[in-house]
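> just coords:
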């Protein structure tokens, strides 16, 4: 299941329900808005599984949660 949206993702992160994070980063800076990664009660340890670079500088990184 994919979760898109800061509020729902933050609740799932705090509950420890996320096994894998896939982040797509575009080379654009914008200000304001809701932070996607809200303050958490503890660290989330991740292992890098995959990186891909696309035209225009877009980068996909995939991480698994270490338990």
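That came in fine, so what should we check first? In this text, all values refer to a predicted model and were calculated from it rather than measured experimentally.
> How many neighbouring residues does residue 3 have?
When neighbours are defined as other CB atoms under 10 Å, residue 3 has 15 of them. (C-beta placed from N, C-alpha, C; glycine too.)
> which parts of the lowest-mean-pLDDT helix or strand in the chain are buried?
Least confident element among the helices and strands of the chain, by mean pLDDT, DSSP states H and E: helix 6-14 (a mean of 84). Within helix 6-14, the residues that count as buried by 16 or more other CB atoms under 10 Å are 9-10, 13.
> JSON lines for those residues, including distance to residue 62?
As requested, the buried residues of helix 6-14 are exported to JSON lines (distance: CB to CB, whole Å):
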{"residue": "9", "distance to residue 62": "15"}
{"residue": "10", "distance to residue 62": "20"}
{"residue": "13", "distance to residue 62": "16"}
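> what about the closest residue to residue 46 other than its chain neighbours, helix or strand, and which?
Counting by CB to CB, 6 or more residues apart in numbering, residue 46 lies nearest to residue 63, which is 4.0 Å off, once chain neighbours are set aside. Applying DSSP states H and E as the criterion places residue 63 in strand 59-65.
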